[in-house]
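Asks: give me coordinates for this.
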Amino acid sequence: MTSEQFEDSGFDSEGNLQPRRTSLQAWQESQKQIFLAELAATSCVAHSARKAKLARSTLYLWRKQDRGFAEEWRAALAAGYELLEMELLVRARRGVDVPVFHAGKHVGTIKQFNDATALRLLALHKETVAMTRATETQHTESAVEVRARIDAKLNAMRERLQRRRTREAAASSTAGQALSGDAG
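Replies: Here you go, the predicted structure:
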């Protein structure tokens with residue numbers, strides 16, 4: 001072992017000699033963490049690579065060769081997209097201050113809301129919200145309560161169907177009487 005290969009050595013819990021990381025390996029790990037943190041904050045590989053002072057090609061190579069790094073990369077991107085989504089949600093709910101100018105002078109601000117973005121976010125999460133509510137309902141209602149609720153809905157449907165059939169039979173009977181009265 002040379003001093004160029006290892007900073008120094010240590011022993012693991014079983015007393016086996018374990019080489020420590022080289023300064024290059026330590027630096028690479030440090031830069032990976034900088035990259036991943038920035039990627040989670042920005043969702044931008046190019047910006048994150050610059051921040052970590054690494055070439056994108058190096059990062060893509062590491063991602064290809066290191067399954068753990070690839071998983072951390074995906075997790076960082078997912079976190080970044082969640083942050084972006086939250087920022088969009090805040091803007092959709094609270095609006096964005098837009099400056100108002102008159103005759104070239106700033107005279108105030110107005111709140112501008114982007115309903116299209118809000119609707120897209122709602123559409124994306126409609127299923128998630130429905131599943132969450134269903135899960136919450138499952139936890140708060142017993143099986144007996146759920147069956148009773150379903151039975152009540154089925155009974156209401158049967159009653160509506162019976163009323164419709166009664167109306168249709170009455171209409172059919174009235175129409176039949178009118179036709180027989182015209183024939184006589």
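Asks: so which residues of the protein form strands?
Replies: For the chain, the strands defined by DSSP state E cover 9-11, 17-19, 96-102, 105-112.
Asks: need those in JSON lines (columns: distance to residue 158 and mean neighbour count).
Replies: For every residue, glycine as well, the C-beta is placed using N, CA and C. Below are the strands of the chain laid out as JSON lines (distance: least, C-beta to C-beta, whole Å; neighbours: other C-beta atoms under 10 Å):
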{"stretch": "strand 9-11", "distance to residue 158": "77", "mean neighbour count": "10"}
{"stretch": "strand 17-19", "distance to residue 158": "75", "mean neighbour count": "11"}
{"stretch": "strand 96-102", "distance to residue 158": "52", "mean neighbour count": "10"}
{"stretch": "strand 105-112", "distance to residue 158": "51", "mean neighbour count": "9"}
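Asks: between the ones you listed, which one is nearest to residue 72?
Replies: strand 17-19 (23.4 Å; C-beta to C-beta).
Asks: could you list the domains of this protein?
Replies: 20-93, 95-140, 143-171 (automatic domain parsing).
Asks: to residue 14, which of these lies closest?
Replies: Set against residue 14 and scored by C-beta to C-beta, the domains of the chain come closest in domain 20-93, at 16.4 Å.
Asks: ok so, going back, least reliable of the strands of the chain by average pLDDT, please.
Replies: The minimum mean pLDDT among these belongs to strand 9-11 (a mean of 60).
Asks: rank the helices and strands of this protein by mean pLDDT and give me the bottom one.
Replies: Lowest by mean pLDDT, DSSP states H and E among the helices and strands of the chain is strand 9-11, with a mean of 60.
Asks: can you add distance to residue 166 and give the strands of the chain back as a markdown table?
Replies: Formatted as a markdown table, those follow (distance: least, C-beta to C-beta, whole Å):
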| stretch | distance to residue 166 |
| --- | --- |
| strand 9-11 | 88 |
| strand 17-19 | 86 |
| strand 96-102 | 58 |
| strand 105-112 | 55 |
